[in-house]
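[1] Sequence first, then the predicted structure:
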Amino acid sequence: MKLTAALAVCVLAGQTWAGGEIDRAYVKSLAAPGKKVAVVEYYDPAGKVVDRMGFASPVGFVAVSPVDIEINQNTRLHLYGLEICSGEMANLKEGFTGTCADFARQQLEVLVREAKVLFCRAFLTERDASRQDVTCFGYYYYPGSLDTVDNLEEQLVSVGALRLAKKPDGALMRPDLAEAEKIGRGGFGMWGDPRMRGQ
């Protein structure tokens with residue numbers, strides 16, 4: 001699978017779900033030779049970092065569903081406020097025909113596999129959960145071509161791999177990603193299939 005869609009999307013600004021803007025230089029500094037690194041910061045309601053957990057792996061981390069990353073046997077990170085489309089989809093321009101779940105998982109797998117660092121944020125209430133609601137950023141580096149820190153959810157929504165979930169009252173669970181979904185709805189991923197527009 002190409003780095004394609006998942007990485008070749010513009011970086012969107014805006015408020016992140018927990019903790020405000022990130023320090024991209026700090027995220028890059030977490031990279032370790034020969035290892036994939038994951039760091040989760042936990043915030044109190046005032047937006048202050050109150051705890052942090054770090055993980056390192058020589059083989060990396062695993063996308064176990066379209067919205068879940070397994071860090072180890074005890075910890076899964078759940079990308080909050082996103083969902084897949086229902087059933088089958090086809091985007092012939094991108095060369096994909098299959099299930100919505102398969103398309104989304106493939107895109108997340110690329111982002112997780114290629115990241116040197118996964119830097120995630122969650123509220124303190126998530127710290128002891130086995131499946132934690134988070135927002136995550138990936139650090140991607142290819143000498144001479146790419147040196148960037150991107151938000152995973154923005155990337156996945158921008159390429160039409162996932163869409164924004166809604167609260168019972170119809171409000172978006174992640175209004176900070178509305179602009180990313182507008183990009184996706186331009187015909188990327190699931191939005192290249194007219195059947196998805198009616199879901």
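    Structure's in. What do you need? Quick caveat: nothing in here was measured; it's all calculated off a predicted structure.
[2] Ramachandran angles for the most centrally placed residue in the chain?
    Closest residue to the average C-alpha location of the chain: L152 at 2.6 Å, with Cα atoms, centre = their mean. In terms of degrees, to the nearest 10, the main-chain angles of L152 are phi -60, psi -40.
[3] do the one 3 residues further on as well
    As for Q155, its main-chain torsions (degrees, to the nearest 10) stand at phi -60, psi -50.
[4] C-terminal to the top helix by length along the chain, which secondary structure element comes first?
    Looking across the chain with DSSP state H, the single longest helix is helix 100-114. Of the helices and strands lying after helix 100-114 in sequence (DSSP states H and E), the nearest is strand 117-123.
[5] how many other residues sit next to R24?
    R24: 16 surrounding residues under other Cβ atoms under 10 Å. Every residue, glycine included, has its C-beta placed from N, CA and C.
[6] My guess is it contacts V149. True?
    Yes - if you go by Cβ atoms under 8 Å, R24 and V149 touch, sitting 4.3 Å apart.
[7] tell me which residues of the lengthiest strand in the chain are tucked away?
    Counting by DSSP state E, the longest strand found in the chain is strand 131-142. Buried residues in strand 131-142, counted by 16 or more other Cβ atoms under 10 Å: 132-140.
[8] Could you let me know which of those ends up closest to G60?
    G138 (11.4 Å; Cβ to Cβ).
[9] which residues does the closest one form a beta bridge with?
    L118, D150 (DSSP bridges).
[10] dump the residue contacts of it.
    111-112, 114-119, 149-150, 152 (Cβ atoms under 8 Å, 6 or more residues apart in numbering).
[11] If we use 6 Å, what do you get?
    By Cβ atoms under 6 Å, 6 or more residues apart in numbering, the contact set of G138 is 111, 115, 118, 150, 152.
[12] Which pair in those has the greatest spatial separation?
    So, the contacts of G138 by Cβ to Cβ: farthest apart are L118 and D150, at 11.2 Å.
[13] In terms of neighbours, single out the busier of those two.
    In terms of neighbours (other Cβ under 10 Å), L118 is the more surrounded of L118 and D150; the figures are 26 against 23.
[14] so what's that one up against?
    By Cβ under 6 Å, 6+ apart, the residues touching L118 are 38, 136, 138.
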